[in-house]
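In: Pasting a predicted model and its sequence here:
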Amino acid sequence: GLSEHQVRVVAPDVGGGFGPKAVIHPEEVTVPAAAMLLGRPIKWIEDRFESFTATVLERLQYWDVEVAFSAEGRLLALRGHLYHDHGACTPYGVALPYNAVTNLIGPYVLPAFEMEISLCLTNIVPASPTRGAGRPQGTFIMERLLDRIAEHIGIGRDEVRRRNLIAPERMPYTVPIVQRDGAVMRYDSGDYPECQRRALAASGWADFPARQAEARRRGRWIGIGLANYVEATGRGPFESGSVRIGPSGTIVATTGATAQGQGTKSMIAQLVAAQLGVRPEQIQVMDGDTDASPLGLGSFASRQAVTAGNAAHLAALAVADNATRAAATPALAAARSAALGLSFSFSRLDSAPASCASAPATACSSAASSATVAPSSMSFWSFLAFTTPDCAPATAWSMAASSASDAPSSRSSSLSCARRRFARADCRLFARSS
């Protein structure tokens, strides 16, 4: 019976993403509930055997696939059937097989594609994202097929891939397959043949047969594999972030993103510091704490630098702009005790609102901010800005009210509007200053 504001969740940096994510296991609710009932702290301890038998799994899939290709080894069509073991229930929907099938295409030109998917409920633990969320399985299928094609027509494994990679001059390259977020697959940039060439050069691919033969003479068996991988990053729908400068001059950046060993705090600190003209170590970053940032989606799908990074970047830009204007205005400069603060929510939209019709992309991202640089009697203002997926400004406008009391809703309401993914183009964002 508790409200959201009565529950605090802290996700500390555990040093890496070591397995399952995104779903609730029973102990995550049972332990705090028991602690409240007993009035005592409770620690959950789970051994490895318990973890293996009760934690969600991921990799169990069966594929039956056939491929058509030209005499030169170029892909013509692929079809097949995926049997995905869902376990006893579906805690995370169809994300795993969906990712596996769409990621199968990889960085290659595939003119025709048909895949049937069977979701099989079985008597094992449920399936849910675990380090890759279905993508490695699909990638493995395509790469094995390419190896078989190379073997069949007698060309190198590197050459069959080179012939099928999307050429850089075809970028941006769009495949009419809808991903999980509702957008079609669009390869925005990249030189995949050059990427492979560099990887082969760095690994000593050309002289590996000689090294392999020498190793076998010494009783050592070594091998070398080759695979290309590309993944859509920056998955939405949003991530939150804020930047505040207190009366003491302390700069605090908060975000709903969570650190899992990938340097999230360093990334946020560097982006904010670059806009405020200070050193990154002067930025205090708070992440993974609902007291600091109640709205957030966290770490998954290679998204945090795009979503949380942009939110922090935009917030820092606006704070720097407010500080500059305040310093240039005597009336505002006198209010030195007022704290500067901005909050942003960065969203990826499935389709652009009407105001983005002139933008060069059908999918826009959005950011909402609110700020005050003076006591509550001063003017309150809010602005809404849209950016394209590459973060180039598409449309921006501002709205002003005579005082903070004119704002019809709270900051949480403004962000909940962002969470609704701006279904209405005229969605108005107001937020009381904090």
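Out: Done, it's in.

In: buried ones in the helix or strand containing G309?
Out: Applying DSSP states H and E as the criterion places G309 in helix 304-328. Residues of helix 304-328 classed as buried: 304-320, 322-323, 326 (neighbour count, 16 or more other CB atoms under 10 Å). To be clear about C-beta, it is placed using only N, CA and C from the backbone, and glycine gets the same treatment.

In: What is that helix packed up against?
Out: Here helix 304-328 touches strand 238-245, strand 251-255, helix 264-276, helix 330-333, strand 340-348, strand 365-372, going by 3 or more CB pairs under 8 Å, 6 or more residues apart in numbering; DSSP states H and E.

In: and these, which one is worst for confidence?
Out: When the helices and strands packed on helix 304-328 are ranked by mean pLDDT, strand 365-372 comes last with a mean of 30.

In: ok, now how distant is the most centrally placed residue in the chain from P294?
Out: Central residue of the chain (CA atoms, centre = their mean): R303, 1.7 Å from the mean position. According to CB to CB, to the nearest Å, R303 and P294 sit 19 Å apart.

In: V65 now?
Out: As for V65, its distance to P294 is 45 Å (criterion: CB to CB).

In: what's near enough to touch the residue nearest to T307 when sequence neighbours are not counted?
Out: Computed as CB to CB, 6 or more residues apart in numbering, the closest residue to T307 that is not its neighbour in sequence is E239, at 3.5 Å. By CB atoms under 8 Å, 6 or more residues apart in numbering, the residues touching E239 are T255, G256, A257, G296, L297, R303, Q304, T307, A308, A311, S345, F346.

In: quick one: low-confidence ranges for the stretch 1-150 of the chain?
Out: Across the stretch 1-150 of the chain, residues meeting the criterion (pLDDT under 70) sit at 16-19.

In: contacting residues around stretch 265-276?
Out: By CB under 8 Å, 6+ apart, the list of residues contacting stretch 265-276 from outside reads 13, 241, 243, 245, 251, 253, 255, 257, 259, 279-283, 285, 287, 304-305, 308-309, 312-313, 315-317, 319-320.

In: Next: stretch 101-117.
Out: Contacts for stretch 101-117 (CB under 8 Å, 6+ apart): 68, 74-82, 84, 94, 97, 134-135, 138-139, 141-143, 146, 161, 164-166, 175, 177, 179-180, 185, 187, 190, 192, 228-231.

In: Could you pick out the buried ones from the residues you listed?
Out: If we count by 16+ other CB under 10 Å, these have these buried: 75, 78, 80, 82, 84, 97, 134-135, 138-139, 141-143, 146, 161, 164-166, 175, 179-180, 185, 187, 190, 192, 228, 230-231.

In: Tell me who's in contact with the closest residue to T55 other than its chain neighbours.
Out: Nearest residue to T55, sequence neighbours excluded (CB to CB, 6+ apart): P20, at 5.6 Å. Applying CB under 8 Å, 6+ apart to P20 gives the contacts T55, V56, E58, S128, P129, T130.

In: now those: which count as buried?
Out: Buried among the contacts of P20 (16+ other CB under 10 Å): T55, V56, E58, S128, P129, T130.

In: related to what we said a few turns ago, when V65 and P294 are compared, which one has more neighbours?
Out: Neighbour totals were compared for V65 and P294, and P294 leads with 18 against 15 (other CB atoms under 10 Å).

In: so who does the residue lying farthest from the centre of the chain touch?
Out: Using CA atoms, centre = their mean, the residue of the chain lying farthest from its centre is R217. It sits 47.4 Å away. Under the criterion of CB under 8 Å, 6+ apart, R217 has no contact partners.

In: just checking, what's the longest strand in this protein?
Out: The strand spanning the most residues in the chain, taking DSSP state E as the definition, is strand 75-87.

In: residues in contact with it?
Out: 56-57, 60-70, 96-97, 100-101, 104, 108-122, 124-127, 145, 149, 164.

In: Show the buried residues in the residues you listed.
Out: Using 16+ other CB under 10 Å, the buried ones in the contacts of strand 75-87 are 56-57, 60-61, 63, 67, 69, 96-97, 100-101, 104, 108-110, 113, 115, 125-127, 145, 149, 164.

In: Just these: which are in strands?
Out: Q61, W63, V67, F69, F113, M115.

In: Export the buried ones among the contacts of P20 as JSON lines, with columns for distance to A206.
Out: Rendered in JSON lines, the data for the buried ones among the contacts of P20 read as follows (distance: CB to CB, whole Å):
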{"residue": "T55", "distance to A206": "43"}
{"residue": "V56", "distance to A206": "43"}
{"residue": "E58", "distance to A206": "36"}
{"residue": "S128", "distance to A206": "42"}
{"residue": "P129", "distance to A206": "38"}
{"residue": "T130", "distance to A206": "36"}
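
In: And the strands in the stretch 101-250 of the chain?
Out: Along the stretch 101-250 of the chain, counting by DSSP state E, counting those that start in this stretch, strands occupy 113-121, 173-178, 184-187, 238-245.

In: burial of the closest residue to A320 other than its chain neighbours, as a residue count?
Out: Distances taken as CB to CB, 6+ apart place Q275 nearest to A320, at 5.1 Å, with adjacent residues excluded. A total of 18 residues lie near Q275 under the criterion other CB under 10 Å.

In: Show the pLDDT at H152.
Out: 95.

In: From A71, how far out is it?
Out: 10 Å.

In: out of these two, which sits in the more crowded spot?
Out: Using other CB under 10 Å, the more surrounded residue of H152 and A71 is H152, with 11 against 6.

In: Give me the distance between the more buried one and E159.
Out: With CB to CB as the criterion, H152 and E159 are 13 Å apart.

In: Likewise for A199?
Out: 14 Å.

In: again, but for L78
Out: 19 Å.

In: now do H5
Out: Counting by CB to CB - H5 and E159 are separated by 60 Å.

In: of the two, who's got more company?
Out: E159 (13 against 10).

In: which ones are touching the more buried one?
Out: G73, A150.

In: Read off the pLDDT value for it.
Out: 95.

In: now do A334
Out: 53.

In: Which parts of the stretch 151-300 of the chain are helices?
Out: 157-164, 192-203, 208-217, 264-276 (DSSP state H, counting those that start in this stretch).

In: For these, please prepare CSV with the additional fields distance to A33.
Out: Shown next, in CSV, are the helices of the stretch 151-300 of the chain (distance: least, CB to CB, whole Å):
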stretch, distance to A33
helix 157-164, 53
helix 192-203, 50
helix 208-217, 57
helix 264-276, 30
